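Visitor: give me the fold of what follows.
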Amino acid sequence: MSEENITRLNIDDKEIILIGTAHVSKRSAEQVKEIIERENPDTVCIELDAQRYKSVTEGQKWKDMDIISVIKQKKATLLLVNLMMSSFQKRMAKQFGINPGQEMVQAINSAKDIDAEIVLADRDIQITFQRIWRGIGLWGKMKLMTELVYSMFTDEEISEEELEKLKSEDILSSMLNELKDSFPKLKNALIDERDKYLSHKIKNAPGEKIVAVLGAGHVSGIKEEIHKEQDIKKLSTIPPKSKVGKSVQWVIPAIIIAIILFTFYNNRGMALDQMVGWILWNGSLSALGAVIAFAHPLSIATAFLVAPISSLNPLLAAGWFVGLVETFMKKPRVQDFENLSDDINSLKGFWRNKITHILLVVVLANIGSVVGTMIGGAEVIRIFLDLF
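Guide: The predicted structure is shown next:
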C-alpha cells in the first residue's frame, strides 16, 4: 500500500503515525481505514473536539438548543458562525458528493472495530473562534462576518484551485483562507496554536502505537511542535482583554458623559443638541440593524431605546435586549428547529427560520449600535469644540 501522506515518528517509547488527509477526498477515508486496520494501534487520535465529535456521531441536535440561554451567555455570534460553517459543509457535499470530514468518521469507526482508544485531539472550536475574535479588531470582525456570509450564500461552484486548497485545510481554515493573509493573528489562532495543541494531545495519548488522523495542512506544524513542551493550559483558555482595552471601554463612555456635563454647565442648548445627537445616532442605527433583520416592531423600538444607554456601559449590548424581546414576540416553533439544517442553505430560509432570524436580529442590532456609538460620539465632540 502507498505510504503517500503518511509520516512516521518515534518519540520516547512511542511509535506515532500521522495520516495527512484531504477533507474532501474519498481516497483519504479509504486510506485511513487501511492504515488503522494494518497498524492495529493502541490509540487513534482524530482532529475533532467534543462538540464536533458529537455532531459527527449523533448529528446536529438543534432541538436541544435553548435560544434564550444562547443570547444571555453572549454566544449568538458564535452560534451564527457555526450555522454558517454547517451551510458551507452542505454546499461542499452537494458539489463533490462527499461530506467534508468523512475521513474522521472512518477513523472513529475503524478505531471502534479494533477496540482502539479514541482521543479527541483538537482544541474546542469555540475557544479557537473566540481567540480569533479577540485578536482581529472591529474591522476584522466585520470582514470576517462578511466573508462567512458570502461563503454561505454564494451560488458559485468551488474552482479546481480552491479544491486543491481544501485538500490540505480543514473547513474553518478553508472558509477563512482570504483573511489569513490580512490578519496574521487569525492564522496564529487558527493554525499555529492548533498545531501545538494537536501535537501535545498526540504525544501524550495512551499506548505504544498511535495513529493520528489530521488535515494534511497540520502535519508539517505538528512534526515541528511535537518535540517541544507545550503550555496546554494557556492554549485552552480565552485570553483576557488587555488592561488598556478594558480601560478604554470605560474611559470613552466616561469622556462622553463628562463632555456633555461640561457643555451643559456652559451652554444648556448645545448640551441638549449633544444628547439628542447621541440618542438619535445610537438608537436609529441600532434600530436600523433590527429593521434589516426584519425584527418585530417592538424589538425595533427596544433597539432605539436601549442602544443609547447600553453604549455607555461596556457590560451591556443592545442586541441582547433586542434578541430577548424578539424571542418572546416570535417564539421559535418545533418546526423551526426541525428545518434549521435545511433553512441555513438559502438566504430566504435563513431569514425565514425563527432561530437564525433571532440571531441575525442580535448581531445586526449590535453592529448598528457600535456604528452609532462612533458617529454619535463624534457628534458630541464636534458640538463640544464649537464652544471654543
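Visitor: C-alpha only now, for contacts and for neighbours.
Guide: Noted.
Visitor: low pLDDT regions in the protein?
Guide: 1-2, 23-26, 59-100, 137-186, 241-242, 244-246, 334, 337-338, 340-342, 344-347 (pLDDT under 70).
Visitor: let me see the domain layout of it.
Guide: Listed by automatic domain parsing, the domain ranges of the chain are 6-235, 243-385.
Visitor: what strand or helix carries the nearest residue to Ala29 once chain neighbours are set aside?
Guide: Ranked by C-alpha to C-alpha, 6 or more residues apart in numbering and with sequence neighbours excluded, the top spatial neighbour of Ala29 is Glu103, at 4.0 Å. Taking DSSP states H and E as the criterion, Glu103 maps to helix 102-113.
Visitor: which residues are in contact with that helix?
Guide: Contacts with helix 102-113, where a contact means C-alpha atoms under 8 Å, 6 or more residues apart in numbering, come from 21, 23-24, 26, 28-30, 32-33, 36-37, 43-44, 46-48, 56-57, 117-118, 213.
Visitor: these in strands, which ones?
Guide: Taking DSSP state E as the definition of strands, these contribute 21, 43-44, 46, 117-118, 213.
Visitor: and the residues you listed, which is closest to Tyr197?
Guide: Nearest to Tyr197, judged by C-alpha to C-alpha, of the ones in strands among the contacts of helix 102-113 is Ile46 at 12.3 Å.
Visitor: state the distance from the closest one to Leu18.
Guide: Distance, Ile46 to Leu18, by C-alpha to C-alpha, to the nearest Å: 10 Å.
Visitor: common neighbours of these two, please.
Guide: 212-214.
Visitor: nearest to Asp192, of those residues?
Guide: Leu214 (14.1 Å).
Visitor: for the closest one, list each beta-bridge partner.
Guide: For Leu214, the residues forming beta bridges with it (DSSP bridges) are Gly20.
Visitor: do I have it right that it meets Val44?
Guide: No. Using C-alpha atoms under 8 Å, Leu214 is not in contact with Val44; the gap is 10.8 Å.
Visitor: common neighbours of those two, please.
Guide: By C-alpha under 8 Å, 6+ apart, no residue touches both Leu214 and Val44.
Visitor: these two: who's more crowded?
Guide: In this view Leu214 and Val44 are compared by other C-alpha atoms under 10 Å, and Val44 has more residues nearby, 30 against 27.
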